[in-house]
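Enquirer: what's the 3D shape of this:
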Amino acid sequence: MTHLATRIIRLAAVILCIAMVGCVTMEVDTTSPKRFADKNYQTFSWRSEVPTGVPQSMESLYRLSTTVREVVAEALQKKGYRYEASGGDFLVSYSFGTRLEGGEEPVTPGVNTGGAVINRNTDGAMMDNAYALSGPREVAMLMLSFEDGGNLATVWSAKISQMVENQNQANLDKVQRRLETGVAKALRSLPDA
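Expert: Got it, this is the predicted structure:
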């Protein structure tokens, strides 16, 4: 094999690894769809309504809640389920949560860690990145719960987790795209109506 061909293969492998790591930041965990499938549901309703007239301090939560409803309803309708304002065969509820994940002590370049480092000065940018990336990261979660419309027993649930990348500059369009991906992935296991 030529040197150029070897370099191209290595570059392709690196790009594939980067693409796979990028996909790992979203996790989707679901319960077994068997109980849901056994009921042969056709319609859904929301367990509770989004409150109207929210104060300005809660407006972003209201918009996020509305976005979640739009994304979930659209995904369910694509699977053939029909929305009913009340009295659906199953009820959909959701909640939000966050957790901190990870966090390791960064290795400080130049500090003796048992091996010799020759002609190595501490790089300020590398140190800043090591501290910024080594701490715990916030993970946002959306929990979905589908309950039987007759007896309110939970028949299926899912948890969609995503690393929060830019907490101070929330982009609702980006959040919606990620929600669409996560909800589609979660509902994949459910049967069509």
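
Enquirer: name the element residue 97 belongs to?
Expert: strand 90-101 (DSSP states H and E).

Enquirer: Run through who's touching that strand.
Expert: With Cβ atoms under 8 Å, 6 or more residues apart in numbering as the test, strand 90-101 has contacts from 36, 39, 41, 43-48, 64, 68, 72, 76, 136-149, 152, 155, 163-164. From N, CA and C alone the C-beta is placed, and that goes for glycine too.

Enquirer: Direction included, what does it pair against?
Expert: strand 43-46 (parallel), strand 137-148 (antiparallel) (DSSP bridges).

Enquirer: Let's have those in TSV, adding mean pLDDT and distance to residue 27.
Expert: Converted to TSV, those look like this (pLDDT from 0 to 100; distance: least, Cβ to Cβ, whole Å):
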stretch	mean pLDDT	distance to residue 27
strand 43-46	97	24
strand 137-148	89	8
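
Enquirer: Out of those strands, flag the one nearest residue 60.
Expert: strand 137-148 (12.9 Å; Cβ to Cβ).

Enquirer: Identify the residues contacting that closest one?
Expert: Against strand 137-148 from outside (Cβ under 8 Å, 6+ apart): 36, 39, 44, 47, 68, 72, 89-103, 153-164, 167, 179, 182-183, 186.

Enquirer: in this protein, which helix or strand is least confident?
Expert: When each helix and strand of the chain is scored by mean pLDDT, DSSP states H and E, helix 3-24 comes last, with a mean of 43.
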